[in-house]
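Chemist: 3D model of this:
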Amino acid sequence: MRCVIARFPFDLVKHEVQESMKGIKPEPITGESVIIGRRHYPVKQVGEVITRQDRRDFTAAEVTRALTRLGFTCNKAPAVAAADAVAALTPLQAASAMLGAPAAHPA
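Modeler: Predicted structure coming up:
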């Protein structure tokens, strides 16, 4: 399938993308992700491998669009609700929550 990523045309084939990602350890997922085989990869990591371009040269949306058209399952960025909840706590409460201890009650 022909697609354009970062203004460059690429002819991508599903099994070639799978072969390219074999033996590559997935990085921690902080944004959009794609399932290749049984592994979850960040979309930007896959884009970097298959295009051989720097991650700053393309968007996650470009790679997600191409991978979806190839038949891969892509997932949105994880929810940030937990981060928002921690931001509403005082520093003492946030530290207690990160340590797993009960949150301190304000005096």
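
Chemist: C3 - that's part of a helix, no?
Modeler: No: for C3, which was evaluated using DSSP: H, G, I helix; E, B strand; the rest coil, the result is strand, with no helix membership.

Chemist: Identify the residues contacting the residue lying closest to it once chain neighbours are set aside.
Modeler: Nearest residue to C3 in three dimensions, chain neighbours excluded: A66, at 4.2 Å (Cβ to Cβ, 6 or more residues apart in numbering). Bear in mind the C-beta positions are built from the backbone N, C-alpha and C, glycine included. Residues counted as contacts of A66 (Cβ atoms under 8 Å, 6 or more residues apart in numbering) are 1, 3, 5, 10, 12.

Chemist: Pick the one among those residues closest to E62.
Modeler: Among the contacts of A66, I5 lies closest to E62 (Cβ to Cβ), at 4.8 Å.

Chemist: Between the contacts of A66, which sits nearest H40?
Modeler: Distance from H40 was checked for each of the contacts of A66 by Cβ to Cβ. The minimum falls on L12, at 19.3 Å.
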